[in-house]
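# The sequence isn't on hand, but the structure is:
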């Protein structure tokens with residue numbers, strides 16, 4: 001074993017300048033994969049952490065032995081939601097809620113840091129006057145995100161705000177509940193975000209795993225030639241496999257460490273991505289130590305297994321590798337696997353849970369990666385048969401000769417096309433909610449008290465200097481502020497009406513739909529993030545694999561130059577090897593993603609979202625082509641001396 005490791009290390013160090021370049025390409029591919037993989041995993045864990053911190057606001061009802069009564073409602077200021085938690089202790093042994101030293105006494109109010117700062121900035125009649133008994137600041141254990149606006153108000157158990165209400169509360173609110181403990185359960189919207197995060201994670205992780213596995217196959221032709229020579233001079237299959245694994249895992253381990261450091265440096269910047277109404281705590285986006293350890297161990301193992309998977313020809317037929325014989329063709333069974341996966345997605349989407357659906361999407365992803373080389377081989381045969389120029393003919397013959405290598409160059413953008421097609425139909429806009437009213441406050445009041453509440457509301461609004469028409473409705477009152485009322489007037493009116501109906505908040509129609517609008521906005525933000533990660537993988541994959549392909553075929557390019565082939569023809573052939581399968585596989589993968597998204601589509605498409613996705617796709621494709629163009633100087637370098645080389 002020591003001899004095998006020593007030889008692997010010597011071969012790694014003694015590969016020459018271009019051999020070291022191939023090693024650096026693998027190192028870079030693994031570093032990028034590891035950093036983005038940690039981001040995809042951390043995003044899911046971050047939503048779990050948010051759900052756990054907000055669970056105490058959705059307490060489990062106590063059948064007996066209740067320690068407190070708690071209710072949750074939404075208030076608003078400056079167009080932003082405020083989560084108001086009304087709480088009353090039952091007895092002296094009530095445990096402290098998260099982020100608080102104790103249950104607030106009747107009349108006490110505790111504010112989140114962001115809400116306390118906002119109360120200082122805005123005029124008192126817009127916000128601070130609603131909370132006259134401010135006692136302290138909530139800790140982050142009680143907050144979903146750093147910028148969340150939360151107030152916890154203490155009450156007596158017999159306070160009207162803690163009594164059962166006559167009508168259902170608005171979305172995002174919880175009726176008064178007798179609480180056994182403050183452990184609680186995640187709210188429905190938190191569960192929804194976790195589901196969306198899981199699906200987004202699958203859409204990001206699968207291409208990363210494919211890219212990470214492909215990193216082990218960079219400069220594969222050069223390595224296979226070298227290992228075949230060792231087999232021919234007497235190396236055993238075990239020694240060849242051992243050297244391959246050792247070389248691949250050494251580079252992969254260094255790349256994984258670099259990727260972890262890269263993610264650690266980027267994490268503070270990633271916290272600025274606003275989803276769910278605000279940014280993130282840095283701790284949320286940093287995975288546990290055991291996740292980092294698994295990534296540092298798992299990525300090299302994946303790369304090592306991928307490297308060994310390609311050794312069959314070297315072990316069984318080293319002479320064929322040395323003679324550069326064309327490997328056997330790919331089988332049509334790969335297409336059948338993809339068709340089976342595409343059938344499974346719509347079937348499972350109607351009958352299974354989100355985990356199974358995510359698994360089905362992952363299967364479709366992997367099947368697309370499996371069928372890719374077969375399709376590239378077909379594209380190569382068609383291209384070669386219809387070629388009218390030397391460059392196109394060379395490109396077609398190369399696609400037929402080594403479809404796996406050609407697929408590795410375009411696999412990133414093809415898998416990203418699947419993501420874009422899948423999200424294209426599932427990116428609704430807040431415009432679907434129409435244009436709700438923003439100048440009319442509605443307040444629910446107890447049955448039979450509408451007239452009294454309306455009279456008091458008129459008095460309060462008059463004292464506050466707010467002009468409004470107050471009328472009674474079934475179940476409440478309505479204060480029409482007029483179309484000229486701005487946000488400041490609306491906030492002053494809401495402050496004046498605070499406490500008029502304990503346990504209820506005066507809201508506009510637009511504010512009542514703000515939770516749904518926020519979810520739709522976050523879906524759009526998540527779409528951009530997923531596409532950005534996917535296209536970053538695609539661009540990195542295209543650039544790295546294109547350079548690796550030139551290094552793999554440097555002797556072939558040199559011989560073609562020696563035979564008189566112009567450099568421009570070789571460069572045109574190299575570009576065609578990417579452009580032709582890119583156009584076919586990119587469009588096909590987008591169509592496949594659209595097909596998989598159809599079972600999940602329940603609303604009309606968002607035209608603006610589709611245009612955004614098209615823009616991302618165009619920029620992504622352009623980035624892939626630009627990344628591939630960076631290998632042109634390398635092509636010129638390897639053909640500068642066309643004399644045959646001994647390797």
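Good, I have the coordinates. The structure displayed is predicted, hence computed values, not measured ones.
# low-confidence ranges in the stretch 201-350 of the chain?
Across the stretch 201-350 of the chain, the ranges flagged by pLDDT under 70 are 206-207, 210-242, 244, 307-332, 345-350.
# how about the strands in it?
Applying DSSP state E, counting those that start in this stretch to the stretch 201-350 of the chain gives no strands.
# ok, which stretches of it are helices?
Remark: helices assigned in the stretch 201-350 of the chain by DSSP state H, counting those that start in this stretch are 220-232, 237-270, 289-309, 312-316, 318-322, 333-351.
# Please spell out which residues along the second one are buried.
Meaning helix 237-270. 239-260, 262-263, 267, 270 (16 or more other C-beta atoms under 10 Å). (Glycine included, C-beta is placed from N, CA and C.)
# Strands of the stretch 351-500 of the chain, residue ranges please.
Under DSSP E, counting those that start in this stretch, the stretch 351-500 of the chain gives strands at 440-444, 469-473, 476-480.
# Mind checking those for the one nearest to residue 275?
Across the strands of the stretch 351-500 of the chain, residue 275 has its closest neighbour in strand 440-444 (28.9 Å, C-beta to C-beta).
# Are there helices or strands packed against that closest one, and which ones?
strand 476-480, helix 487-497, helix 509-512 (3 or more C-beta pairs under 8 Å, 6 or more residues apart in numbering; DSSP states H and E).
# Residue 271 touches residue 286, doesn't it?
No: between residue 271 and residue 286 there is no contact, the gap being 9.8 Å when judged by C-beta atoms under 8 Å.
# Count residues in the vicinity of residue 512, would you?
17 (other C-beta atoms under 10 Å).
# From residue 175, how far out is it?
Per C-beta to C-beta, to the nearest Å, residue 512 is found 17 Å from residue 175.
# which residues touch residue 593?
Neighbour list for residue 593: 417, 418, 419, 420, 421, 422, 423, 424 [criterion: C-beta atoms under 8 Å, 6 or more residues apart in numbering].
# shouldn't residue 493 be in contact with residue 470?
No: counting by C-beta under 8 Å, residue 493 stays clear of residue 470, with 10.1 Å between them.
# Quick check: neighbours shared by these two?
Applying C-beta under 8 Å, 6+ apart, one finds that residue 493 and residue 470 are jointly contacted by 461, 479.
# Those two: which is more packed in?
residue 493 (24 against 20).
# And the more buried one, how close does it get to residue 304?
Distance from residue 493 to residue 304, counting by C-beta to C-beta: 67 Å.
# cool, residue 394 as well?
34 Å.
# hang on, residue 637 is in a strand, isn't it?
No: if the criterion is DSSP: H, G, I helix; E, B strand; the rest coil, then residue 637 is helix and not within a strand.
# Using the three-state scheme, assign residue 41.
Residue 41 is classified as helix under three-state DSSP.
# in terms of contact, does it touch residue 287 like I think?
Yes: counting by C-beta under 8 Å, residue 41 touches residue 287, with 5.7 Å between them.
# give the contact list for residue 296.
By C-beta under 8 Å, 6+ apart, the residues touching residue 296 are 253, 256, 257, 260.
# Redo those residues as a markdown table? Include distance to residue 81.
Listed next are the contacts of residue 296 as a markdown table, based on distance: C-beta to C-beta, whole Å:
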| residue | distance to residue 81 |
| --- | --- |
| 253 | 47 |
| 256 | 41 |
| 257 | 42 |
| 260 | 37 |
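# and of those, the nearest to residue 408?
Nearest to residue 408 among these: residue 256, at 19.9 Å, using C-beta to C-beta.
# With residue 180 as the reference, name the closest of the strands of the stretch 351-500 of the chain.
strand 440-444 (27.8 Å).
# ok and that closest one relative to strand 469-473, angle-wise?
Relative orientation of strand 440-444 versus strand 469-473 (axes from the mean of the first three to the mean of the last three C-alpha atoms, to 10 degrees): 40 degrees.
# So which residues lie in contact with strand 440-444, not counting its own?
Strand 440-444 is contacted from outside by 165-167, 453, 457, 468, 473, 475-481, 490, 493-494, 497, 500-501, 504-509, 512, using C-beta under 8 Å, 6+ apart.
# in which helix or strand would I find residue 101?
Counting by DSSP states H and E, there is no helix or strand that carries residue 101.
# Roughly how far does residue 633 sit from residue 114?
Taken as C-beta to C-beta, the span from residue 633 to residue 114 is 51 Å.
# Of these two, which one has the most company?
Neighbours were counted for residue 633 and for residue 114 using other C-beta under 10 Å; residue 114 has more, 19 against 11.
# buried stuff in the helix or strand where that one lies?
Assigned by DSSP H and E, residue 114 belongs to helix 113-121. Buried residues in helix 113-121, counted by 16+ other C-beta under 10 Å: 113, 114, 115, 116, 118, 119.
# Next, format these as a markdown table and append pLDDT and distance to residue 146.
A markdown table is the format used below for the buried residues of helix 113-121 (pLDDT from 0 to 100; distance: C-beta to C-beta, whole Å):
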| residue | pLDDT | distance to residue 146 |
| --- | --- | --- |
| 113 | 94 | 8 |
| 114 | 94 | 7 |
| 115 | 94 | 12 |
| 116 | 92 | 13 |
| 118 | 94 | 13 |
| 119 | 92 | 17 |
